[in-house]
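Asks: how would this look folded up:
(one chain, ligands or ions: 1)
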Amino acid sequence: MTDSQVESAEQQKEVCTYDYGNSNVTEILGETTMPGSRIVSGLEFKTHNAKVFDFLTLLPEGYSLEKRQSLGTSFIDAVKKKLVHSEDRLVEGGFAPFFSQPGAFLELLHELGHIDSIENAIKARNPKSDQERESIAEELMKTEDERDAWAYAVKMLRKLRAEGINLEPELDSEAKIAQSVHLGGHRTLEKRKEPDFVPHKPSENVTKFLKENPNADWKQALNFVLDNYPQVVKGELVWILEGGAAVYLLNTARADNPDDVDIVTKSEPMAKDFTNTLTFNVDTTDLWCRFRRLEPSDRITNLLFSHHSPVDFMGRKVEVLDSVALTASKTIPWQGFAPQRQKDKTDIVLLSAPQDEVKELVTELTRK
Ligand SMILES: [Zn+2]
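Replies: Purely as a prediction, here's the structure:
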């Protein structure tokens, strides 16, 4: 770069800051790609306790974020591999600047939720032109994919909250989340004339439980799952407890009380029953893989489901992911996050799994 090029790049840069609930957002706008469109070269989220999170780390490899004027909706540009956010968003009562009201980050997470299925469809059909690539992406934008992308967004939000990064501080109840998803769903489907969008809802019994126990702790939540979803059906293990609750049950010396119930299941209907909730995180093995950027396969499902151990929970037997698999899952980067966050380090020590077995399992899980 010559001096004048450096200068013009500097001139182009624009730093915007927004108050977002009890947090702050800093967006850095860079290069102009076409009139009204600029690359977002930084999107930093700073929580009330000064934890900083770089949103761009969530973008898959090869993708960038762009801000575009006057489109009125966020979307994935499959040809240019861009997550595009609009100047404004639909909120209760009209439109508002993008980062001015709750739900903006949930909307971005929703768009991220489309990328994998778009990329998979493109890979499967090997398009010869940009136009073909675009029409493959467009075909995918059906109601069902919309619902899945919202479910993905809520899961992602919940996972980040568990890391101390609360991207939506004002969406602090199941009801507010549901409302935001509902509005967003209407908005994304408006163009396609499907105004009857209904997001995936948790099943009736799950909804009833959440209504009756708005502050349910992990023990109540786990008892509910055990009461309603047998772990073993016809001799086959259907779901396994993982995450903080599993670590806690394997070693009650864990100082942090688990704040949620994480489950990996072979049953898609079971996972659907708990969709768009914050109290339960029930992932199919496919989604479990996707969050770790692994290619889902029967091989991985079988690997996971061969690593479990029975523990006692209030006099009931629960199968949890064993210490080797829990350690392995904490070693594999989650959505591109650098592994070994402090909480994970502490958990890995508590689990004290044989290192060679962990290494072997990580190799098996990440093998292409
Ligand atoms: Zn969408």
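Asks: skipping adjacent residues, who's closest to Lys101 in space?
Replies: Careful, residue 101 is Gln and not Lys. Val91 (4.6 Å; CB to CB, 6 or more residues apart in numbering). Quick note: C-beta positions are derived from backbone N, CA and C, even for glycine.
Asks: who's in contact with that neighbour?
Replies: By CB atoms under 8 Å, 6 or more residues apart in numbering, the residues touching Val91 are 101, 103, 183.
Asks: pipe those into CSV and attach distance to His200, secondary structure and neighbour count per row.
Replies: Output for the contacts of Val91, formatted as CSV (distance: CB to CB, whole Å; DSSP: H, G, I helix; E, B strand; the rest coil; neighbours: other CB atoms under 10 Å):
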residue, distance to His200, secondary structure, neighbour count
Gln101, 23, coil, 19
Gly103, 17, coil, 24
Leu183, 15, helix, 18
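Asks: could you dump those residues into JSON lines with pLDDT and distance to Met314 added?
Replies: Formatted as JSON lines, the contacts of Val91 follow (pLDDT from 0 to 100; distance: CB to CB, whole Å):
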{"residue": "Gln101", "pLDDT": "87", "distance to Met314": "42"}
{"residue": "Gly103", "pLDDT": "91", "distance to Met314": "38"}
{"residue": "Leu183", "pLDDT": "76", "distance to Met314": "40"}
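Asks: hmm, back to that, ramachandran coordinates for the residue nearest to Gln101?
Replies: Val91 adopts backbone torsions of phi -130, psi 180, taken as degrees, to the nearest 10.
Asks: ok, what's across the strand from it?
Replies: Going by DSSP bridges, Val91 is paired in beta bridges with Gly94.
Asks: pLDDT score for it?
Replies: We have a pLDDT of 73 for Val91.
Asks: that one and Glu295: what is the separation?
Replies: Val91 sits at a distance of 38 Å from Glu295 (criterion: CB to CB, to the nearest Å).
Asks: and Gln69, by the same measure?
Replies: Counting by CB to CB - Gln69 and Glu295 are separated by 38 Å.
Asks: any idea how far Asp356 is from Val362?
Replies: In terms of CB to CB, Asp356 sits 11 Å off from Val362.
Asks: Asn166 now?
Replies: Counting by CB to CB, the gap between Asn166 and Val362 amounts to 30 Å.
Asks: between these two, which has more neighbouring residues?
Replies: Asn166 (23 against 17; other CB atoms under 10 Å).
Asks: number of nearby residues for Lys142?
Replies: 13.
Asks: where does the stretch 151-300 of the chain dip in pLDDT?
Replies: For the stretch 151-300 of the chain, the stretches flagged by pLDDT under 70 are 186-198, 255.
Asks: what about the strands in it?
Replies: In the stretch 151-300 of the chain, the strands defined using DSSP state E, counting those that start in this stretch lie at 232-233, 236-237, 239-242, 261-265, 280-284.
Asks: okay if I get those as JSON lines plus mean neighbour count and distance to Leu83?
Replies: Shown next, in JSON lines, are the strands of the stretch 151-300 of the chain (neighbours: other CB atoms under 10 Å; distance: least, CB to CB, whole Å):
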{"stretch": "strand 232-233", "mean neighbour count": "12", "distance to Leu83": "40"}
{"stretch": "strand 236-237", "mean neighbour count": "12", "distance to Leu83": "38"}
{"stretch": "strand 239-242", "mean neighbour count": "24", "distance to Leu83": "29"}
{"stretch": "strand 261-265", "mean neighbour count": "25", "distance to Leu83": "27"}
{"stretch": "strand 280-284", "mean neighbour count": "22", "distance to Leu83": "23"}
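Asks: and those strands as TSV, adding distance to the ion?
Replies: Below are the strands of the stretch 151-300 of the chain laid out as TSV (distance: least, CB to the ion, whole Å):
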stretch	distance to the ion
strand 232-233	34
strand 236-237	34
strand 239-242	28
strand 261-265	25
strand 280-284	20
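Asks: much appreciated, bye for now.
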